[in-house]
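J.: Sequence and predicted structure are below.
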Amino acid sequence: MHKETIKELRHSAAHLLAHAVSELFPDTLLTIGPATEEGFFYDLLPKTNFKEEDLIKITKRMKEIVDRNLPLLHREIPKSEARALYKNNPFKLELIDQIPGETVGLATQGNFYDLCRGGHVATTGLLKNFKLLHISGSYWRADKTKQALQRISGVIFFTPEELQQYEQHKEELALYDHRRLGKQLDLFSFHEEGVGFPFFHPKGWAVLKVMTNYMRTLHEMHNYQEISTPTMLSDELWKRSGHYEHYRDKMYFSTIDEQTYAIKPMNCPGAMLTYNVRPRSYRELPLKLAEFGHVHRHELSGVLHGLMRVRAFTQDDAHIFCMPEQLESEISVIIRILISMLKKFNFEVIHWAIATKPATALGNDTLWEKATSALQHALTNIGASYTIKEGEGAFYGPKIEVNIEDSMGRLWQCGTIQVDFFQPENFDLTYIASSGKRERPVVIHQAIYGSMERFFAIILEHYHGNLPFWLAPIQARIMTITDEQQTYAQSVYTQLKSAGIRVELETSSDPISGKIKAAQQDRIPWMIVLGNKEAAAQTATLRLLNGTQEFGIPLTTLIEKAQKLNI
């Protein structure tokens with residue numbers, strides 16, 4: 001056991017970084033440098049912007065400071081003394097003014113000092129196992145209206161073995177990065193003519209179609225009705241829905257006939273207008289309107305990241321309009337759909353959280369308590385443990401957040417189930433109750449995949465590019481040992497294709513070893529090998545991606561096997 005905590009180690013590493021920068025680049029202004037869940041960073045304002053090659057110099061100097069084995073000390077000093085130390089640093093002066101009391105903490109190591117609340121390792125000699133990762137842009141206090149800064153990020157561990165494991169894991173992540181796989185497997189691309197807007201190639205689009213059709217199957221099982229709403233709607237609608245106020249900076253606008261329109265960043269208002277086309281009866285509820293809506297958001301170029309963060313994506317939204325007493329049962333249905341979907345994609349570890357009423361919330365306490373209780377009961381009934389995120393719900397209602405763990409141990413926040421009291425009021429949604437009176441429905445916002453493009457990226461990395469048979473864009477490739485079997489191969493191709501299998505026919509005269517190698521590189525789940533023996537017996541040899549083989553399979557058996565995997 002280490003007597004120092006990982007947070008103390010990371011916090012001390014941030015000071016080590018700042019110490020090295022201050023020695024190498026004395027004109028640089030230091031701002032803040034906290035420990036994070038991943039490692040540490042320091043935000044800096046250099047006289048001349050840092051370049052990636054500067055990380056080598058900074059790393060070398062950090063190691064020299066480690067070798068000095070300087071004690072890390074901490075003391076409280078009067079604010080007047082701190083202001084004198086930082087008279088030329090407006091960032092530190094701002095921090096000093098905002099710290100309550102008449103003293104501030106000061107950390108020192110050798111001749112370096114920094115504002116600090118405390119919590120360090122004993123000496124710099126304990127900070128050996130670090131690695132600087134990259135330089136990125138940031139803003140003072142994370143406010144883009146304030147001074148632009150540069151952030152240097154890093155990681156640190158107690159032992160060299162832990163650092164080595166981290167580096168190996170990073171290599172694995174780079175190897176299976178969805179952007180790399182997307183290019184290798186010809187799935188999608190990005191172009192300067194549309195920064196942040198993905199181009200899906202035939203194979204990538206095939207995967208998205210499979211995902212969409214699978215979700216449609218789940219919807220049909222649970223009585224959802226699919227709708228489609230316009231991509232562009234009057235800006236007055238977005239002002240009414242509240243999106244204009246909260247998302248205006250991320251919205252795209254256009255003027256038509258002197259009327260301002262907005263390209264939708266979300267699908268919700270369209271669903272509200274669809275519900276409100278005529279009076280609704282309680283007998284129609286719950287009314288479940290699903291939409292695979294293509295939305296656009298103006299993300300800053302610095303945060304774009306392959307399919308994980310784009311400017312246009314498809315949300316698998318659904319809006320359930322129900323009576324308050326139907327909340328719990330409808331939430332339970334959505335949870336079952338979520339679990340079914342995640343199991344289908346081989347996600348075994350699910351982390352559930354409930355975000356509860358924030359300080360500024362719409363609706364009365366009784367409704368909030370009922371909605372939160374419905375979320376809790378629905379999770380309890382399936383035996384799921386969950387955490388409470390106190391006060392982190394949306395202003396319009398509480399929500400369930402779903403985090404999944406992938407094959408490389410990373411957590412991804414995907415699906416959400418949100419209860420909404422705001423839009424029914426905002427759009428004056430009503431239904432005629434059994435009493436004959438008009439009542440307000442409650443709306444449940446459901447997103448199972450969330451962003452379909454982002455979920456595609458997650459599963460591509462989760463499977464290391466080896467998509468399972470049911471999901472693969474090309475499920476099987478037929479290859480002959482010699483050209484003599486081409487007529488039989490064409491017959492096999494026709495039968496498989498007619499049975500709904502996504503199949504390719506390899507027509508080259510390459511050696512069979514080369515054909516198999518190419519299919520492996522393309523991550524084709526099934527390689528159907530045909531020689532004279534198979535042609536004579538009207539059978540096939542099935543070779544899987546992992547190298548296992550099955551010989552002499554009748555074509556009817558092969559087709560049945562494929563169709564079962566497609567269920």
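T.: Nice, thanks for sending it over. All values reported here derive from a predicted model rather than from experimental measurement.

J.: Which strand or helix spans residue 434?
T.: Under the criterion DSSP states H and E, no helix or strand holds residue 434.

J.: so it makes contact with residue 282?
T.: Yes - counting by C-beta atoms under 8 Å, residue 434 does reach residue 282; the two are 5.7 Å apart. Where you see a C-beta, it was placed from the backbone N, CA and C, and this is true even at glycine.

J.: What ranges does the stretch 1-150 of the chain have for its helices?
T.: 6-24, 54-68, 79-85, 90-98 (DSSP state H, counting those that start in this stretch).

J.: and the nearest residue to residue 207 once chain neighbours are set aside, helix, strand or coil?
T.: Of all residues not flanking residue 207 in the chain, residue 473 sits nearest, at 5.4 Å (C-beta to C-beta, 6 or more residues apart in numbering). Secondary structure, DSSP: H, G, I helix; E, B strand; the rest coil: residue 473 is coil.

J.: for the stretch 251-400 of the chain, which spans come out with low pLDDT?
T.: Scanning the stretch 251-400 of the chain for pLDDT under 70 picks out the ranges 362-363.

J.: make it 80
T.: Where the stretch 251-400 of the chain drops to pLDDT under 80, the residues are 302, 360-365, 367, 394-396.

J.: where along it do the helices fall?
T.: Counting by DSSP H, counting those that start in this stretch, the helices of the stretch 251-400 of the chain are 268-275, 327-344, 365-381.

J.: Pick the most deeply packed of the ones you listed.
T.: Neighbour counts (mean count of other C-beta atoms under 10 Å) averaged over each of the helices of the stretch 251-400 of the chain peak at helix 268-275, with a mean of 22.

J.: Show me the contact partners of it.
T.: Contacts of helix 268-275 with the rest of the structure, by C-beta atoms under 8 Å, 6 or more residues apart in numbering, involve 227, 229-230, 233, 237-238, 240-241, 243, 264, 287, 289, 291, 293, 317, 319, 321, 423, 426-427, 429, 443, 445.

J.: and if you look at stretch 63-80?
T.: Contacts of stretch 63-80 (C-beta under 8 Å, 6+ apart): 12, 15-16, 19-20, 23, 96, 99, 102-110, 116, 118, 120-125, 127-128.

J.: Also stretch 228-245?
T.: Applying C-beta under 8 Å, 6+ apart, the external contacts of stretch 228-245 come out as 247, 251, 253-254, 259-274, 291, 293-294, 296, 422-423, 426-427.

J.: so residue 469 touches residue 562, yeah?
T.: Yes - assessed by C-beta under 8 Å, residue 469 is found in contact with residue 562 at 7.3 Å.

J.: so what's in contact with the two at the same time?
T.: 475, 526.

J.: okay, these two: which has more neighbours?
T.: Per other C-beta atoms under 10 Å, whichever of residue 469 and residue 562 has more neighbours is residue 562, with 22 against 19.

J.: Next, find the distance separating the more buried one from residue 116.
T.: 63 Å (C-beta to C-beta, to the nearest Å).

J.: do the same with residue 428
T.: In this structure, residue 428 and residue 116 are 54 Å apart, going by C-beta to C-beta.

J.: Which of the three states applies to residue 486?
T.: helix.

J.: residues contacting it?
T.: Here residue 486 is in contact with 480, 507 (C-beta under 8 Å, 6+ apart).

J.: before we move on, the earlier item: show the buried residues in the contacts of helix 268-275.
T.: Burial by neighbour count, 16 or more other C-beta atoms under 10 Å: within the contacts of helix 268-275 this picks out 227, 229, 233, 237-238, 241, 243, 264, 287, 289, 291, 293, 317, 319, 321, 423, 426-427, 429, 443, 445.

J.: circling back: who's in contact with the residue nearest to residue 207?
T.: 187, 202-204, 206-207, 467, 502.

J.: repeat for residue 52
T.: Here residue 52 is in contact with 134-135 (C-beta under 8 Å, 6+ apart).

J.: Now it, what are its backbone angles?
T.: phi -60, psi -30 (degrees, to the nearest 10).

J.: ok, now how distant is it from residue 132?
T.: For residue 52, the distance to residue 132 - C-beta to C-beta - is 10 Å.

J.: Check residue 120 too.
T.: In terms of C-beta to C-beta, residue 120 sits 19 Å off from residue 132.

J.: May I see the helices of the stretch 251-400 of the chain arranged in a markdown table, with distance to residue 418 as well?
T.: Output for the helices of the stretch 251-400 of the chain, formatted as a markdown table (distance: least, C-beta to C-beta, whole Å):
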| stretch | distance to residue 418 |
| --- | --- |
| helix 268-275 | 10 |
| helix 327-344 | 10 |
| helix 365-381 | 10 |
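
J.: out of these, nearest to residue 218?
T.: helix 327-344 (5.2 Å; C-beta to C-beta).

J.: Which neighbouring elements make contact with the closest one?
T.: Secondary-structure packing of helix 327-344 (3 or more C-beta pairs under 8 Å, 6 or more residues apart in numbering; DSSP states H and E): helix 202-221, strand 312-322, helix 365-381, strand 399-405, strand 411-420, strand 442-451.

J.: at 6 Å instead, please
T.: helix 365-381, strand 442-451 (3 or more C-beta pairs under 6 Å, 6 or more residues apart in numbering; DSSP states H and E).

J.: how about those in TSV, adding distance to residue 412?
T.: As requested, the helices and strands packed on helix 327-344 are arranged in TSV below (distance: least, C-beta to C-beta, whole Å):
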stretch	distance to residue 412
helix 365-381	19
strand 442-451	9
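
J.: Among these, single out whichever gets nearest to residue 413.
T.: strand 442-451 (8.0 Å).

J.: Pull the distance from whichever helix or strand comes after that closest one to the chain's centre.
T.: Sequence-wise, the next helix or strand downstream of strand 442-451 (DSSP H and E) is helix 452-462. How far helix 452-462 lies from its chain's middle: 8 Å, per C-alpha atoms, centre = their mean, to the nearest Å.

J.: Contacts for helix 452-462, please.
T.: 176, 178, 181, 306-308, 310, 313-314, 316, 345, 406-407, 412, 449 (C-beta atoms under 6 Å, 6 or more residues apart in numbering).

J.: Cool, thanks, talk later.
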